[in-house]
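Undergrad: predicted model and sequence below, questions to follow.
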Amino acid sequence: MAYLQLNGCNLHYTDQGEGEPVLLIHGLGSSERDWEYQLPALLPGYRVLCLDMRGHGKSEKPKGGYSVKTFAEDCLAFIAFMQLSKPHIVGISMGGMIAFQLATDRPDVPASLTIVNSGPELIPRHPREYLLVAQRLFFAHVLPLSAIAKGLAKTLFPKSEQQDIRETFESRWLENDRRAYLASLRALVGWGVTDKLDRIICPVLVISADKDYTPVEKKREYVSRLGDARLEVIEDSRHGTPIDQADKFNALLLDFLAQSGSAAPAGNAS
């Protein structure tokens, strides 16, 4: 297992393959294992790096220092230390928020962004959104991790044939440090960079499940505010699209990376 001390925190990472670098950023309460269905597709052509965010996976779980900006700064420090030139950045859920923060803070860094079931803010603006956020925070603070894990597993992977995935998700979720998980969740609420989207200069692919937590139209709206960007909707999928529709997801991702890579023709739209 490989570790780096960055920004005062010991972070776990994996580094496999050769080629253009692709940095995969996991979601809240998860780890680099989010991407186990993507590695076989990516490794034949790319150098694939996964980083466990502070408070997650095998990385250190400090008592303080949880914010989307700090997560992004950890990623930037990792990119600099590993001497990654123009990495493609792929983020799911919280990882997509981190990718947005990184790309608006340092537009010169990413070669491309792939945003999966995520958005550039988590700011409730309507009564229903306030209610949903309040419910998420309340239940996260009062329910044991086992109850949260079971509920999320059923929501993300409800089909009878997904039983093995549900069980794997539950067992991994129970490995979370409760304090670090709650601190990370609180860090997301109220965060946003929507007013800075015009700073993003790289190609952007937004992938949305048709049954994600947030509606497709919300993603369509922010995609319209980006320059070189497109939205792809994957049907019969929920929040864990890279897992429940791995083949469709991988095909979209590989096509986008090929179009956005260093060998892509100049001016090639994505």
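TA: Received it, and whenever you're ready, just let me know what you need.
Undergrad: where in the stretch 1-150 of the chain is pLDDT low?
TA: For the stretch 1-150 of the chain, no stretch has pLDDT under 70.
Undergrad: which residues in it form strands?
TA: Per DSSP state E, counting those that start in this stretch, the stretch 1-150 of the chain carries strands over the ranges 2-6, 9-16, 20-25, 46-51, 88-92, 112-116.
Undergrad: figure out which of these is closest to A147.
TA: strand 88-92 (23.1 Å; Cβ to Cβ). Placement of C-beta: from N, CA and C, glycine included.
Undergrad: can you point out the buried residues in the closest one?
TA: Using 16 or more other Cβ atoms under 10 Å as the test for burial, strand 88-92 gives H88, I89, V90, G91, I92.
Undergrad: L188 contacts L122, doesn't it?
TA: Yes. Using Cβ atoms under 8 Å, L188 is in contact with L122, at 4.9 Å.
Undergrad: circling back: could you dump the strands of the stretch 1-150 of the chain to JSON lines with distance to D198?
TA: Listed next are the strands of the stretch 1-150 of the chain as JSON lines, based on distance: least, Cβ to Cβ, whole Å:
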{"stretch": "strand 2-6", "distance to D198": "29"}
{"stretch": "strand 9-16", "distance to D198": "31"}
{"stretch": "strand 20-25", "distance to D198": "22"}
{"stretch": "strand 46-51", "distance to D198": "27"}
{"stretch": "strand 88-92", "distance to D198": "18"}
{"stretch": "strand 112-116", "distance to D198": "14"}
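Undergrad: ok so, going back, return the member of the buried residues of strand 88-92 nearest to L131.
TA: Distances from L131 to the buried residues of strand 88-92, taken by Cβ to Cβ, are shortest for I92, at 24.4 Å.
Undergrad: do I have it right that Q259 meets C202?
TA: No. At 11.9 Å, Q259 does not count as touching C202 under the criterion of Cβ under 8 Å.
Undergrad: which among the strands of the stretch 1-150 of the chain is found nearest to A180?
TA: strand 9-16 (11.2 Å).
Undergrad: report the buried residues of that closest one.
TA: Those would be C9, L11, H12, Y13, T14, for strand 9-16 by 16+ other Cβ under 10 Å.
Undergrad: one step back: comparing Q259 and C202, which shows the higher neighbour count?
TA: C202 (21 against 16; other Cβ atoms under 10 Å).
Undergrad: so who does the more buried one touch?
TA: Counting by Cβ atoms under 8 Å, 6 or more residues apart in numbering, C202 makes contact with A103, P107, P110, A111, S112, L113, D228, S260.
Undergrad: ok, D236 next?
TA: By Cβ under 8 Å, 6+ apart, D236 lies in contact with D210, K211, D244, Q245.
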